[in-house]
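Student: dropping the sequence and predicted coords here.
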Amino acid sequence: MNIIKQIYSLNRGVILGVSIVLIAVLAGCGEGAPATGTIGESVPVRLGTLRGPTAVAFAPVLAEPGELGSESYHLQADVFSTPDLLVSQILSGSIDVATVPTNLASVLYNREAELQLAGIIGTGVLYLIADAPLDWDDLRGRTVYTIARGATPDILFRALATEAGLVPGEDFQLEYAADQVELAQSLIAGRRTLAVLPEPFVTRVTEASSELQPALNLQREWTRFFGAELGDAGLDNETGRSGRASAQGYPMTALVVTRSFAAEHPAGLSALIESYQEGLATYAADPAAASAVAASLDLGLDAATIEAALPRLNMTWIPAAEARRAVEVFLEVMARENPASIGGRLPGSEFFLNGSE
C-alpha cells in the first residue's frame, strides 16, 4: 500500500470509539446469505468492524475501499459504534467477515450463528494505571477502579489477581466507573490513582498527568500466569515494529467469517487478510503517516494519540490454527469467571477455520 495515496484517497467517513462490551443475550440467529457473483463480476467482501483499536488496525484497509487484491473481489466496509449493532448485521446476513471480541465470537457460535474464527488480530490493550511502580502485592488494602462489571476488563483483572495469590473483594476492593471516559477523567483530575484502563485511554491519561504510568502490563501478566503464547506476524508488543515473534497477551479480538463465504470464496478472505497484513506493515514503516491516515478516517482519535499508543495496541495477525490453544485457554478463563461471557460453553473444533494463513 502507498501510504501517501491513502492520505489523499479517503472518500468515506466512519464512526468509531473504544468500548468492548459483552453481549450475554442475543436474538435468534439466521443463516447469512453468501456474497454472490457471476463469471466476470467482482464479488463483494462485506466487512464489519468495531470502533477503537480494532478499527485503527484496519484503517489502512478502510482507507481504500474498492478492489481487493484482484479484480475478482472488492471491499465493502462498515464500522459500528457498539457490538450489538455489528451483531445485528452479522445475524441478518449483511456481513461476510467481521472483527469482534473473541468471547463474543464464542457467544455467537453458541447461538448457532454460522461463523468460524479465521484468526486473531489483537492481543490485548489493558493496563493497570498507578501513580508509582507496583506489583500485585502492593494492591493489598487498596481500591482498584475499573469498568463494566462482568465484562472483559473486570473478568481478566479478577482472574489475574487470583493467579497472583490475591482474593478480589478481600485483599483489595474493586469499584466500577460508568465508562472509560469517566474513569480517565477522574485519573487526570487526581481523584483516583489506581485503575484498569484500555488503550487509547492509557495514552491520554499518562500524557495528561506526569504522575501516572502503566504500572502493570496485563498482557504480559496474562502470559506469565496462563502461558499459551501466540505466534505473531504483526507489530511487536514493545517496539511497534513488524516481524515474526512470540506475542505476549491474550486473544482479545478475532476475525470471523461466515461458513458460506469461507467455503465459497476462500480467495476473497485471503485477499482481505493479505491487505490487512500490508496495512500493519505501513504502521511499522511510517507510524506518523499511517496514524495520520487512521485519524483522517474520523476514528475519534487524533494522529498523535494513535502514534503514541501504537506500541500498546498489540495489533497482529495470527491464523486460527496457530491461535487455537491460546483461544481455548482464554475462553476457559472467561467461562470460569462468567460462563455467559462465552455463551455458556466452549466452542467445538469446527469453530476454528483451517487454512486461513
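Tutor: Looks like it came in fine.

Student: which stretches in this protein count as strands?
Tutor: Ranges of strands in the chain, per DSSP state E, are 43-50, 66-68, 70-80, 97-101, 115-122, 126-130, 143-147, 173-177, 194-198, 213-217, 230-232, 245-247, 253-258, 315-319.

Student: need the least confident one among those, by mean pLDDT.
Tutor: Sorting these by mean pLDDT places strand 245-247 lowest, at a mean of 52.

Student: show the pLDDT at residue 8.
Tutor: Reported pLDDT for residue 8: 28.

Student: any idea which residue sits dead centre in this structure?
Tutor: residue 253 (3.5 Å; CA atoms, centre = their mean).

Student: any idea how far the residue lying closest to that one once chain neighbours are set aside lies from residue 290?
Tutor: Closest residue in space to residue 253, ignoring its immediate chain neighbours: residue 122 at 3.4 Å, by CB to CB, 6 or more residues apart in numbering. Any C-beta I mention is one placed from the backbone N, CA and C, and that applies to glycine too. Using CB to CB, to the nearest Å, residue 122 is found at 16 Å from residue 290.

Student: what does residue 199 show for phi and psi?
Tutor: For residue 199, the backbone dihedrals (degrees, to the nearest 10) come out as phi -70, psi 150.

Student: quick check: closest non-adjacent residue to it.
Tutor: According to CB to CB, 6+ apart, the nearest residue to residue 199 is residue 125 (4.2 Å).

Student: same check, this time on residue 336
Tutor: That would be residue 159: by CB to CB, 6+ apart, it lies 7.3 Å from residue 336.

Student: mind splitting this protein into its structural domains?
Tutor: 3-123+249-351, 126-226 (automatic domain parsing).

Student: right, and residue 65 touches residue 75 too?
Tutor: Yes: under the criterion of CB atoms under 8 Å, residue 65 makes contact with residue 75 at 5.0 Å.

Student: ok, the two, which is more surrounded?
Tutor: Shown here are residue 65 and residue 75; by other CB atoms under 10 Å, residue 75 has more neighbours (21 against 16).

Student: so what's the residue count around residue 210?
Tutor: 7.

Student: what bridges to residue 76?
Tutor: residue 46 (DSSP bridges).

Student: these two touch, right, it and residue 44?
Tutor: Yes: the criterion here is CB under 8 Å, and residue 76 meets it with residue 44 at 4.8 Å.

Student: list the contacts for the residue nearest to residue 197 when sequence neighbours are not counted?
Tutor: Nearest non-adjacent residue to residue 197, counting by CB to CB, 6+ apart: residue 129, 5.4 Å away. Neighbouring residues of residue 129 by CB atoms under 8 Å, 6 or more residues apart in numbering: 187, 194-197, 202, 205-206, 212-215.

Student: between the residues you listed, which sits nearest residue 270?
Tutor: Distance to residue 270, by CB to CB, is smallest for residue 202 among the contacts of residue 129, at 33.8 Å.

Student: from what I can see the residue nearest to residue 253 touches residue 56, true?
Tutor: No: with contacts counted by CB under 8 Å, residue 122 stays clear of residue 56, the gap being 9.7 Å.

Student: which residues do these two both contact?
Tutor: Joint contacts of residue 122 and residue 56 (CB under 8 Å, 6+ apart) are 313, 315.

Student: report how many residues lie close to the nearest residue to residue 308 once chain neighbours are set aside.
Tutor: Of all residues not flanking residue 308 in the chain, residue 203 sits nearest, at 4.9 Å (CB to CB, 6+ apart). Residues lying near residue 203 (other CB under 10 Å) number 23.

Student: output the below-cut-off pLDDT ranges for this protein.
Tutor: 1-40, 228-247, 355-357 (pLDDT under 70).

Student: for it, which helix is longest?
Tutor: Scanning the chain for the helix with the most residues, using DSSP state H, yields helix 266-285.

Student: from the chain's centre, how far out does that one sit?
Tutor: Computed by CA atoms, centre = their mean, to the nearest Å, the chain-centroid distance of helix 266-285 equals 16 Å.

Student: quick check: the closest residue to residue 353 other than its chain neighbours vs residue 124, distance?
Tutor: Take residue 353 and drop its neighbours on the chain: the residue closest to it by CB to CB, 6+ apart is residue 116, 4.1 Å away. To residue 124, residue 116 is 22 Å away according to CB to CB.

Student: who's more crowded, these two?
Tutor: Set residue 116 next to residue 124 and count neighbours by other CB under 10 Å: residue 124 wins out with 29 against 24.

Student: roughly how far does the more buried one sit from residue 330?
Tutor: Counting by CB to CB, the gap from residue 124 to residue 330 is 10 Å.
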